[in-house]
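A.B. asks: what's the 3D shape of this:
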Amino acid sequence: MSDAKEYQQVVTDTLNKFKKDYQNLSKINIVIAGKTGIGKSTLINAAFGQELAETGIGSPITDKINFIQAEGFPVQIYDTVGLEMSAVSQWKSLHAIKELIRSKRKTETEADDIHCVWYCVNASGSRIESQELKYIQQFQKLRIPVILVLTKSFSRVEADKLGAEAQRQLPSLEFVSVLAKATDSQGAFGIQELVELTANKLPEALQTSFSSAQKASLLLKRKQGVKVINSSIAATFTTGFVPIPVADAPLMMATQSTMLAKLTVNYGIDPKTNQIETAIAGALGIFAALSAGKTTVSAALKSLPGVGTVAGGLISGSVGGAMTGALGYAYMNLMEQVALGKVDLSAMSSTQLTELLTESINQLTNQFLNK
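C.D. replies: Sure, this is the predicted structure:
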């Protein structure tokens, strides 16, 4: 197979790998409890960056629980009703949630479980009702992570006081004061903190799914992205204990391929609305060109230990790791710009993206060398 065909095959395989991983993200199940009118829909939409509460398909599980899901989206919401009504209605709502949690645990699949409860209380009230603290305690007894979400926190100081009082009565309870939608006089806050706290409660196997789904915290996406890059660097280094001839560089590209696919999934880039293939082709093109000694990357990158001597020689573990790391961080920066809406992949050619990634690599390398 010619070098061009082999390279194109790697690009195609990477694209297919990304689409498969994106479609097969594990599901995360969150119960959102609280009285009507406390801003649950606004909270959901702010956390996940889309009108999920409005556009998601809602279907009643019981008369007390409504199930919200969107096609291809890994987070599933169980929204409860009836907590503001009579004592009998409240008991039925609590019973329905507890039965839901128990029924989900009957399967052996971790993705079927209820993974977290967001218990929402309107922070503009003067107190948290003792009955609501009892509900929270019931969920805690079922060993479900519970986060008290103080919505409509127009006064963060007062909201934090309410949360501190709840913690005094339930010491293990964690809370977040949130203003999900900005007002004329105050900016939104708390959503990023809520998302990051929720991520810490989830099993490791679900971290990628949640990082991909949430849109409130770039920090969370970066942390997950760094894990992917470090793992890829380690894999490349291990491969390089037996130095690979430059002519066989596509063999090492399998690691970069997996890394690029995982980074793209991590940033929640929808393949239906983004020209992902050009980004992948541009990124892999840098590695292929550098290996062949044809790269336009400046001398800054070649100043990394061993990289400047690749052409015509061998790719060792340290060299491959340096190249993989540089490529990974540059691609992660690109995905971040796409997620923020600052880069439109569909409007750029593979060559333009290669130049953009090259510039990013040079900037990252200069930062590394100037430390």
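A.B. asks: phi, psi for the nearest residue to residue 191 once chain neighbours are set aside please.
C.D. replies: Residue nearest to residue 191 in three dimensions, not counting chain neighbours: residue 216, with 4.4 Å by CB to CB, 6 or more residues apart in numbering. Heads up, the C-betas are built off the backbone N, CA and C, glycines and all. Backbone geometry at residue 216, expressed as degrees, to the nearest 10, gives phi -90, psi -30.
A.B. asks: wait, residue 216 sits on residue 49?
C.D. replies: Yes. The pair residue 216 / residue 49 is scored as a contact, 7.2 Å apart, by CB atoms under 8 Å.
A.B. asks: which one's more surrounded, these two?
C.D. replies: A count of neighbours by other CB atoms under 10 Å puts residue 216 above the other of residue 216 and residue 49, at 20 against 14.
A.B. asks: show me the strands in the stretch 101-250 of the chain, by range?
C.D. replies: For the stretch 101-250 of the chain, the strands defined by DSSP state E, counting those that start in this stretch occupy 116-122, 146-151, 174-177, 244-245.
A.B. asks: deepest-packed of those, please.
C.D. replies: Most buried of these, by mean neighbour count (mean count of other CB atoms under 10 Å): strand 146-151, with a mean of 25.
A.B. asks: quick one: strands adjacent to it?
C.D. replies: The pairing partners recorded for strand 146-151 under DSSP bridges are strand 116-122 (parallel), strand 174-177 (parallel).
A.B. asks: as a markdown table, those strands with mean pLDDT would be great.
C.D. replies: Shown next, in a markdown table, are the strands paired with strand 146-151 (pLDDT from 0 to 100):
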| stretch | mean pLDDT |
| --- | --- |
| strand 116-122 | 94 |
| strand 174-177 | 97 |
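A.B. asks: could those strands be laid out in TSV, adding distance to residue 354?
C.D. replies: Shown next, in TSV, are the strands paired with strand 146-151 (distance: least, CB to CB, whole Å):
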stretch	distance to residue 354
strand 116-122	41
strand 174-177	42
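A.B. asks: out of these, which is closest to residue 227?
C.D. replies: strand 116-122 (20.7 Å; CB to CB).
A.B. asks: alpha carbons only: can I get that closest one in PDB?
C.D. replies: C-alpha atoms of strand 116-122 as PDB (Å, rounded to 0.1, in the frame of the first residue of the first chain):
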ATOM      1  CA  CYS A 116     -26.400  11.300  41.400                       C
ATOM      2  CA  VAL A 117     -29.300  13.300  42.900                       C
ATOM      3  CA  TRP A 118     -29.500  17.000  42.500                       C
ATOM      4  CA  TYR A 119     -31.900  18.100  45.200                       C
ATOM      5  CA  CYS A 120     -33.000  21.700  44.400                       C
ATOM      6  CA  VAL A 121     -34.200  24.300  46.900                       C
ATOM      7  CA  ASN A 122     -35.100  27.900  46.100                       C
END
